[in-house]
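# Output the structure for:
(chains A and B)
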Amino acid sequence: MTEILYCRDLVKRYGSITALNGITLSVEPGVVGLLGPNGAGKSTLISVLLGQVPATSGRARVLGFSIRRQRRRIRRRIGFVPENDCLIPGLSGAGYVHYAGRLAGMSHADAMQRAHEVLDYVGLGEARYRPAEQYSSGMKQRLKLAQALVHDPDVLFLDEPTNGMDPEGRQLMLSLITGLGRAGISLLISSHLLPDVERVCQRVVIMGSGEVLATGDIEQLRQPHPTLYTVDYEGSGEALRESLAKRRVAVQSQAERVVTVELPAPETQTLILEAAREAGAPIRGLHPRRSSLEEAFMAAIQGQQNR
Amino acid sequence: MNGSHRYERWSGRLGGKRWVWPAIVRVGVRLASKSASTRLILLASTGFVVASCAIFYILSILEALGSRPEFNELYGIVQVLLGVDLRGLVQMGEHREALWRMVFMIMLKGQLACALIVIAQVGPGLIANDLRSRALPIYFSKPITPLSYLLGKWAIVAAFIGTVTLLPNLASLMLGTLMTGGLGSWGQTLGLAWDLVVLDVGIMIVGGVVILTLSAASADRRYVTVGWLAVCLLPMVAQGVLDDALPSKSTQAFLGSVSPYRDVTVLADWLFDMEAAYEGMSLPPGAAESALSHSLDPVYPAVVLAAVTLLAAVLCYRRVMRMSRAAATL
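Residues are numbered from 1 along each chain as shown, chains lettered A, B, ... in the order given. Predicted structure coming up:
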């Protein structure tokens, strides 16, 4: 399969405000996180890709279809979970999902059968005949996911899918998203909750001020830190600390018999091994510490600010 | 809550966009019918069928046995109901269509009031509710055009207007035909059926488009309801004042067009060709004076209604286009 999204010099301006400033991006199938602070242009990018907001200039394709000329073809193959509540008052959960299926072009029978299937998948099977207004916020969020899934899209756009959910509901939503990824649906998840993105996404796109700041696999972005190491040792911790301190190495306890050390530049890990030998504390494990997604995110944002 | 099911892919096919708007109508009608007051109005509209059929029955008796003196009282009843003294009318059966047109004109006034109320019940929330509940992203993330959305929403209100106007009229016509001459006389009233369809569809178009435009203007259905009542009732009051103040009939025809109620009745008068109907009966002088007093030039009302509808349609379409573009950020 080719890329699910492709943008080239995509610009969107609202009067004097530039919401998207020449986005060039190619996203391959999989679960992708769209990260960025408020006002970064995430929602605008999704709106433009859905064909709901016309781009000022540039080109973009979703699943190979042009966002300018083939909007309806795109919408037949994508699902969208908006951030806000978007329920239709008076409809039950099953009625709402069935209606979404009909709007997508499904026949009455197909939409009804499929509504029950996706409601079971999102865990609303027992509440399907209750008025949707009576659902909790977590249930409403999952109902929105069900309406987006009813016509079995190839790509799902999720705007802040775990926002405002309790921990249990959040875990359930993340496991549903993981399950969709395993079933072969590509997902673009716009979120500012980095741990959630880190848990379910394989790749991320980091945006700031309408520009793409970084993109790539999460593992790639979480670079090994050049001076930070996690040390797993045996023996006397006190002796090891003293030996490391003599060599101007900063030490921080992480767990029992595990410390994080920061080497002074340009020293290498050999210095840690020497200190451990001197202290008589055998090393069981020595790993370079990887930066978290949050650190990668902050580095990208700060990099843009320093430009 | 289980959520333990595996996600199953679906291998069915999606239909075309043409099947989308009927889905909107189906859900919209179902939701609007949940209101007890709306159901009551729909139920009340069957009263038009009962009343029309009762008058048709009286007319059929007069057709067959009107010459007998014991039926003189029935002429009095007909005069009260239709405003026409039929005592001097010979061969009443030949004027059946003209008499029925009079009956439908009488019913129209009640049906317009019913339509006004049912539109006020059903119409204001059609788009306003979607705006308030931020449901537009659900519509416009699906392969649906703004036109399909509007068509579906219009058809919802049109279905309710039709239920209080067109359906009772056609049912009355069918029952009346069966009661008087049987199916053999169907041809005699076919032209009337066509005129009723044209008139009622016209009411559906004008009423539906205007209420949709108002509904798209606010997320609060209460404001829309007030707006709709203002659009309907204030011009009626203004027209009443103008009727008293204006001396000439031609000025009345022009300025009297400010009232949509007056416009529709004048157009119905013209469509049913009531003047020809009265003239054809060759009634004695003064027998139909009260009934003819409101016959005015149909040009101004037609232009006013067409202009209002067109303007409302353009405004509504532009608003929905804008909403569809901003749906994701609503």
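# Tell me which helix or strand comes right after whichever helix in chain B runs longest.
The longest helix of chain B (DSSP state H) is helix B:186-217. Counting by DSSP states H and E, the next helix or strand C-terminal to helix B:186-217 is helix B:221-245.
# Averaged pLDDT, that following helix. What do you get?
Mean pLDDT, computed over helix B:221-245, is 87.
# tell me what that helix is packed against?
For helix B:221-245, the packing partners by 3 or more CB pairs under 8 Å, 6 or more residues apart in numbering or on different chains; DSSP states H and E come out as helix B:96-122, helix B:125-132, helix B:186-217, helix B:249-255, helix B:260-271. Every C-beta, even on glycine, is put in place using the N, C-alpha and C of the backbone.
# Out of these, which gets nearest to chain A?
Among the helices and strands packed on helix B:221-245, the nearest to chain A by CB to the nearest CB is helix B:125-132 (6.2 Å).
# Can you give me the buried ones in the closest one?
Neighbour counts over helix B:125-132 (16 or more other CB atoms under 10 Å in any protein chain shown) mark B:125-131 as buried.
# secondary structure class for residue 87?
Unless you meant another one, I'm taking chain A. Under DSSP: H, G, I helix; E, B strand; the rest coil, residue A:87 falls in the coil class.
# nope, chain B
coil.
# phi, psi of it?
Main-chain torsions, residue B:87, degrees, to the nearest 10: phi -60, psi -30.
# What about it, how many residues nearby?
15 (other CB atoms under 10 Å in any protein chain shown).
# For residue B:107, which non-adjacent residue is spatially closest?
In space, and not counting its chain neighbours, residue B:107 is closest to residue B:48: 5.2 Å by CB to CB, 6 or more residues apart in numbering or on different chains.
# Give me the phi and psi angles of the one you found.
phi -60, psi -40.
# Residue B:77 versus that one, what's the distance?
Going from residue B:48 to residue B:77 by CB to CB, to the nearest Å gives 18 Å.
# Neighbour count: these two, which is higher?
Set side by side, residue B:48 and residue B:77 show more neighbours around residue B:48, with 23 against 13, by other CB under 10 Å.
# what sits against that one?
Applying CB atoms under 8 Å, 6 or more residues apart in numbering or on different chains, we find residue B:48 in contact with B:107, B:110-111, B:114, B:164, B:168-169, B:172.
# which phi and psi does the closest residue to chain A within the stretch 101-250 of chain B have?
Relative to chain A, the nearest point of the stretch 101-250 of chain B is residue B:141 (3.7 Å; CB to the nearest CB). For residue B:141, the backbone dihedrals (degrees, to the nearest 10) come out as phi -100, psi 0.
# The nearest residue to it once chain neighbours are set aside - how many residues pack around it?
Counting by CB to CB, 6+ apart, residue A:80 is the residue found nearest to residue B:141 once chain neighbours are left out, at 3.7 Å. Residues near residue A:80, counting by other CB under 10 Å, number 28.
# per-residue confidence for the residue nearest to residue B:107?
On the pLDDT scale, residue B:48 is placed at 93.
# How much space separates it from residue B:163?
Taking CB to CB, one finds residue B:48 at 11 Å from residue B:163.
# Regarding the residue in the stretch 1-150 of chain A that chain B sits nearest to, what is its secondary structure?
The nearest approach of the stretch 1-150 of chain A to chain B comes at residue A:123, 2.9 Å away (CB to the nearest CB). Here residue A:123 is coil, with the state taken from three-state DSSP.
# Against residue A:201, how distant is it?
Counting by CB to CB, the gap from residue A:123 to residue A:201 is 22 Å.
# More neighbours: the two, which one.
The neighbour comparison of residue A:123 against residue A:201 (other CB under 10 Å) goes to residue A:201, with 25 against 22.
# quick one, what contacts that one?
Taking CB under 8 Å, 6+ apart, we find residue A:201 in contact with A:31-33, A:189, A:218.
# For it, which non-adjacent residue is closest in space?
Leaving out its chain neighbours, residue A:201 is closest to residue A:33 (CB to CB, 6+ apart), at 3.8 Å.
# so where is chain A shaky, pLDDT-wise?
Filtered on pLDDT under 70, chain A yields the residue ranges A:1, A:307.
# so what's the residue nearest to residue A:201 up against?
So residue A:33 contacts A:189-191, A:197-198, A:200-201, A:203-205, A:218 (CB under 8 Å, 6+ apart).
# which secondary element of chain B has the worst mean pLDDT?
Least confident helix or strand, chain B: helix B:289-292 with a mean of 56, by mean pLDDT, DSSP states H and E.
# What is the helix or strand that comes right after that one packed up against?
Using DSSP H and E, the helix or strand that follows helix B:289-292 in sequence is helix B:299-325. Applying 3+ CB pairs under 8 Å, 6+ apart, one finds that helix B:299-325 contacts helix B:136-140, helix B:146-164, helix B:186-217, helix B:249-255, helix B:260-271.
# okay, the angle between helix B:299-325 and helix B:221-245?
Using axes from the mean of the first three to the mean of the last three CA atoms, to 10 degrees, the inter-axis angle of helix B:299-325 relative to helix B:221-245 is 170 degrees.
# Parallel or antiparallel, list what pairs with the helix or strand harbouring the residue nearest to residue A:201.
Using DSSP H and E, residue A:33 maps to strand A:31-35. Here strand A:31-35 has these sheet partners by DSSP bridges: strand A:186-191 (parallel), strand A:203-208 (parallel).
# May I see the buried residues of it?
A:31-35.
# Going by distance to residue B:258, which of these wins?
Nearest to residue B:258 among the buried residues of strand A:31-35, counting by CB to CB, is residue A:34 at 54.7 Å.
# bridging residues for that closest one?
Listed by DSSP bridges, the beta-bridge partners for residue A:34 are residue A:190, residue A:205.
# which residue ranges form the strands in the stretch 201-307 of chain A?
A:203-208, A:211-217, A:224-233, A:250-255, A:258-262, A:283-290 (DSSP state E, counting those that start in this stretch).
# Among those, show me which one is buried the most.
Ranked by mean neighbour count, the strands of the stretch 201-307 of chain A are led by strand A:203-208 with a mean of 24 (mean count of other CB atoms under 10 Å in any protein chain shown).
# by how many degrees do it and strand A:211-217 diverge?
Going by the same axes, to 10 degrees, strand A:203-208 makes 160 degrees with strand A:211-217.
# Mind listing residues that contact strand A:203-208?
Defining contact as CB under 8 Å, 6+ apart, one finds that strand A:203-208 is touched by A:25, A:27-28, A:30-37, A:40-42, A:45, A:197, A:212-218, A:221, A:293, A:296-297, A:300-301, A:304.
# repeat for stretch B:22-42
Residues from elsewhere that reach stretch B:22-42 (CB under 8 Å, 6+ apart): A:88-91, A:95, A:99, A:102-103, B:114, B:117-118, B:121-122, B:125-126, B:148-149, B:152-153, B:155-156, B:159-160, B:163-164.
# Now the buried members of the residues you listed.
Neighbour-count burial within the contacts of stretch B:22-42 applies to A:88, A:90-91, A:95, A:99, A:102-103, B:114, B:117-118, B:121-122, B:125-126, B:148-149, B:152-153, B:155-156, B:159-160, B:163-164; the criterion is 16+ other CB under 10 Å.
# what's the farthest-apart pair in the contacts of residue A:33?
By the measure CB to CB, A:190 and A:218 form the most distant pair in these, at 15.7 Å.
# higher neighbour count, the two?
A count of neighbours by other CB under 10 Å puts residue A:190 above the other of residue A:190 and residue A:218, at 24 against 17.
# And stretch A:267-283, what's buried?
By 16+ other CB under 10 Å, the buried positions in stretch A:267-283 come out as A:269, A:271-272, A:275-276, A:279, A:281, A:283.
# Helix, strand, or coil at the nearest residue to residue B:152 once chain neighbours are set aside?
Closest residue in space to residue B:152, ignoring its immediate chain neighbours: residue B:24 at 2.7 Å, by CB to CB, 6+ apart. Here residue B:24 is recorded as helix under three-state DSSP.
# tally of neighbours for residue B:24?
Neighbourhood size, residue B:24 [other CB under 10 Å]: 24.
# so how far is residue B:154 from it?
Applying CB to CB, the value for residue B:24 to residue B:154 is 10 Å.
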